[in-house]
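Asks: Here is a sequence with its predicted model. Questions after.
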Protein chains: 4
Amino acid sequence: MSSSGSQAKAETHERILQAALACFKRKGYNHTTMDDIVAESGLSKGTLYWHFESKDDLLTAVFTSTFEAFGEDAISDIIYHETATEKLRAMAQGAADFSESLLGYFSLFIEFWISSERREETSHIWYDLLEQYQRVLAAIIEEGIQNGEFRPVDAESLAWAFLAAYDGLAAYAEFVPDIDLQRISQTFVDTILDGLQSDAGKTKP
Amino acid sequence: MSSSGSQAKAETHERILQAALACFKRKGYNHTTMDDIVAESGLSKGTLYWHFESKDDLLTAVFTSTFEAFGEDAISDIIYHETATEKLRAMAQGAADFSESLLGYFSLFIEFWISSERREETSHIWYDLLEQYQRVLAAIIEEGIQNGEFRPVDAESLAWAFLAAYDGLAAYAEFVPDIDLQRISQTFVDTILDGLQSDAGKTKP
Amino acid sequence: MSSSGSQAKAETHERILQAALACFKRKGYNHTTMDDIVAESGLSKGTLYWHFESKDDLLTAVFTSTFEAFGEDAISDIIYHETATEKLRAMAQGAADFSESLLGYFSLFIEFWISSERREETSHIWYDLLEQYQRVLAAIIEEGIQNGEFRPVDAESLAWAFLAAYDGLAAYAEFVPDIDLQRISQTFVDTILDGLQSDAGKTKP
Amino acid sequence: MSSSGSQAKAETHERILQAALACFKRKGYNHTTMDDIVAESGLSKGTLYWHFESKDDLLTAVFTSTFEAFGEDAISDIIYHETATEKLRAMAQGAADFSESLLGYFSLFIEFWISSERREETSHIWYDLLEQYQRVLAAIIEEGIQNGEFRPVDAESLAWAFLAAYDGLAAYAEFVPDIDLQRISQTFVDTILDGLQSDAGKTKP
DNA sequence: TATGAATGAGGTTTCATTCAT
DNA sequence: TATGAATGAAACCTCATTCAT
């Protein structure tokens, strides 16, 4: 007898999140007022505060739920590939897709980080996420080095740079018109792979 | 109230800018109040508004004056190098230094872009700046291809990815502890150059 | 949902009253929210409103039920005493005990009077109660004067002052640490009785 | 050049206090809103918060400034009297006048105590004030005992009861119509003095 | 130029009460 | 009877901006 009740609650919860996300995307976090979300959701202000403790809490929930929807199985496909080269390509494709899908959300995420009253905490969330990807990437490169696919490099460092490129591109997409992420990604990963596969260790000064 | 009036004015101006910068870096733009800046500067509220029209105006001024200090002759050194390889390395070094010096200012710049009531306008400033660098980079790569230093690649795309990596790293530096930008940059540019110099055109699928 | 429905109802009723009393004593009426009472009682908000019309109604009910428990037979013992002196002592003892038992409830009663939307009405309840005691006291003093135990005084006035002292002490008990009401009462009633029994009518200016 | 400015500030300060007091007396503390005080004072809400940190702070200031106006030289006159009897009479007169002048403020003071978020702190203010008076009273009685005016009693206890009577009467005055504080005080102090001066120590059981 | 008191629109949050289930 | 999600008026407070001195 309570199932329909708690389902209704979950629906309202979701409705608020979506209304908030819509407002945040439209006006940014700081310029969105609780009244905006009230108007967008068609609910009452009391209901917002029944479901979320504060505006900051709502922001965090929007961020978390939105972010969870992204890049969930970005990594999961990788296991299906055999060579490190193929795995790296798969990662690149995943990252490119991710960056592309981020369009419109990027500034929201940045603002989330900047505006949150728990900036440190938010930094941690991001760092944890980043580090996870960075470790997978570094492991792939390491694997390639081990099995002779790649020449020896500082896998850790290259992994950071690799990831950074995709996040940078996601940002650029917000204000560079007609940027072609897929093509850029293609060129980028080709060049990196060529570099890794070259037998020239003599490039360094 | 005497001879050096305009000099005193300039000093006050500067004092306000520095106080505002300190506050913005500490608390972000939105969380900084005019009273914070009053307290930080030791001046009065009226004086702030005598020198700057509004809080947004002050942000713009802080942004502009701070930004001017950055990356002034990042590009200028390049002409002293002869080969495209050396030029690319110089660009990488300049970008790494720039990203490193951005530490602490990065979120402010982002917030400037996000919070500004003239978001479109700001986007343009950034786009222009970015494009300028991107064109220089693409030209260098193009030059390398022309004179046989590099194998043929999509120079435009690679230039974007290259720049994006450094901006991404500048962001990471804000919340990844102990990240070594110089080392990462070194590994990155080495790998890219190896890739560009390799005679393998067979990597592409 | 069965036979003892009305008993269960009475139990819930009582449970709410006790939870409300606990909250009121802890935080005062105004600072107590219905949610506090919900938490304290372990019941639901709807149930509270099923049993009581409003927060004010609940306060009235708490006040009434609590007040009924106090000073029920404070006066009733008096008839067992023969002399006015003994009767006055008995009244003093009753008043002292009452004041002592009031500890912790005093501010609640005051707040009930102050916060009630029916302040006038509440004033009457209290006035009636007070006057009742005052009349009994005055009658005792009058009786003492009649039968020669006491010298002539303004019985009405003395009765007011006498009662006032005990109410004042009840208040003091709330914020004067280690006040000994019994001892104070003893000294007080002794002095008053000495004054009443003295044959000196020459003290007045 | 700043004297007129700071004088104007003090005037505004005072104006707010008086407006707040008027509102509090009319509606009680809890039912008074900042908007009420805005309307009553003719000032703006910002000005209220420029002068006082919070509603609670304003309440405290109103309380303090109002209380200071009361009973300032209630004690000071005492030194002009020679005998303990005369001093006690003077105290009684001062207390009666004080209680009388408290009419209309009493419930406000009580509400201040009850509603304050710093109830403990407020208790201290009152306790300190009370204890001060109690000590003076006890000293007078002690003095009377020493010089033979009074018979030996527990001066401490009697002082508490004496004070309590006047505070109780101040409360009664709020809801007992036509109570004659001066007359009651007269009868009360006469009886107490008679009791103190009587040579009968045999009253105790 | 400089000051700081004054302004008030607008923001977040609270909480007594209602009502569908 | 009981539940707890939903309501919304109303409260407190903030803060960019103005202006008399």
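Replies: Structure's in. What do you need?
Asks: domain assignment for chain A?
Replies: Taking automatic domain parsing as the domain assignment, the ranges for chain A are A:3-55, A:70-197.
Asks: Report the helix or strand with the lowest average pLDDT across chain A.
Replies: One helix or strand of chain A scores below all others by mean pLDDT, DSSP states H and E: helix A:106-115, with a mean of 79.
Asks: what packs against that helix?
Replies: Counting contacts by 3 or more CB pairs under 8 Å, 6 or more residues apart in numbering or on different chains; DSSP states H and E, helix A:106-115 packs against helix A:3-27, helix A:55-69, helix A:119-146, helix A:155-175, helix B:106-115. Bear in mind the C-beta positions are built from the backbone N, C-alpha and C, glycine included.
Asks: and the one residue in chain A that gets nearest to chain C, what pLDDT?
Replies: Going by CB to the nearest CB, chain C is nearest to A:W50 of chain A, at 11.1 Å. We note a pLDDT of 97 for A:W50 in this prediction.
Asks: And the one 4 residues further on, by the same measure?
Replies: The predicted local confidence for A:S54 comes out at a pLDDT of 94.
Asks: if we can go back for a sec, tell me the buried residues in the least confident helix or strand of chain A?
Replies: For helix A:106-115, a neighbour-count test (16 or more other CB atoms under 10 Å in any protein chain shown) marks A:106-115 as buried.
Asks: Quick one: mean pLDDT for the helix or strand A:G94 falls within?
Replies: According to DSSP states H and E, A:G94 maps onto helix A:84-101. Averaged over helix A:84-101, pLDDT sits at 92.
Asks: gap between it and the chain center?
Replies: Centroid displacement of helix A:84-101 relative to its chain, using CA atoms, centre = their mean, to the nearest Å, is 13 Å.
Asks: and whatever residue of chain A ends up closest to DNA strand F, what are its phi and psi?
Replies: Nearest to DNA strand F, among the residues of chain A, is A:G46, at 1.8 Å (CB to the nearest atom of the strand). When read as degrees, to the nearest 10, the backbone of A:G46 gives phi -60, psi -40.
Asks: And the residue nearest to A:Y166 when sequence neighbours are not counted, how far from A:P177?
Replies: Leaving out its chain neighbours, the residue that sits closest to A:Y166 by CB to CB, 6 or more residues apart in numbering or on different chains is A:A95, at 4.0 Å. Remark: distance between A:A95 and A:P177 (CB to CB, to the nearest Å) = 22 Å.
Asks: try A:D154
Replies: Distance from A:D154 to A:P177, by CB to CB: 36 Å.
Asks: Comparing those two, which shows the higher neighbour count?
Replies: A:D154 (19 against 7; other CB atoms under 10 Å in any protein chain shown).
Asks: Excluding chain neighbours, what is closest to the more buried one?
Replies: Excluding its sequence neighbours, the residue lying closest to A:D154 (CB to CB, 6+ apart) is B:T187, at 4.5 Å.
Asks: so which helix or strand takes in the one you found?
Replies: Here B:T187 is assigned to helix B:181-197, by DSSP H and E.
Asks: and that helix, what does it pack onto?
Replies: Applying 3+ CB pairs under 8 Å, 6+ apart, one finds that helix B:181-197 contacts helix A:155-175, helix A:181-197, helix B:84-101, helix B:155-175.
Asks: 10 Å instead?
Replies: helix A:155-175, helix A:181-197, helix B:84-101, helix B:119-146, helix B:155-175 (3 or more CB pairs under 10 Å, 6 or more residues apart in numbering or on different chains; DSSP states H and E).
Asks: okay, it in PDB with CA atoms only?
Replies: The C-alpha trace of helix B:181-197 is given here as PDB (Å, rounded to 0.1, in the frame of the first residue of the first chain):
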ATOM      1  CA  LEU B 181      52.900  19.800 -15.300                       C
ATOM      2  CA  GLN B 182      56.500  20.100 -16.600                       C
ATOM      3  CA  ARG B 183      57.100  16.400 -16.600                       C
ATOM      4  CA  ILE B 184      53.700  15.700 -18.200                       C
ATOM      5  CA  SER B 185      54.300  18.300 -20.800                       C
ATOM      6  CA  GLN B 186      57.700  16.800 -21.600                       C
ATOM      7  CA  THR B 187      56.300  13.300 -22.100                       C
ATOM      8  CA  PHE B 188      53.400  14.700 -24.100                       C
ATOM      9  CA  VAL B 189      55.400  16.700 -26.500                       C
ATOM     10  CA  ASP B 190      57.900  13.900 -26.900                       C
ATOM     11  CA  THR B 191      55.200  11.500 -27.900                       C
ATOM     12  CA  ILE B 192      53.500  13.900 -30.200                       C
ATOM     13  CA  LEU B 193      56.800  14.700 -31.900                       C
ATOM     14  CA  ASP B 194      57.700  11.000 -32.200                       C
ATOM     15  CA  GLY B 195      54.300  10.500 -33.800                       C
ATOM     16  CA  LEU B 196      54.800  13.400 -36.200                       C
ATOM     17  CA  GLN B 197      58.300  12.300 -37.100                       C
END
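Asks: which parts of it are buried?
Replies: Within helix B:181-197, the residues scored as buried using 16+ other CB under 10 Å are B:181, B:184-197.
Asks: near DNA strand F, which residues of chain A?
Replies: Within chain A, the residues that sit near DNA strand F (CB under 7 Å from any atom of the strand) are A:5-6, A:8-9, A:12, A:43-47, A:49-51.
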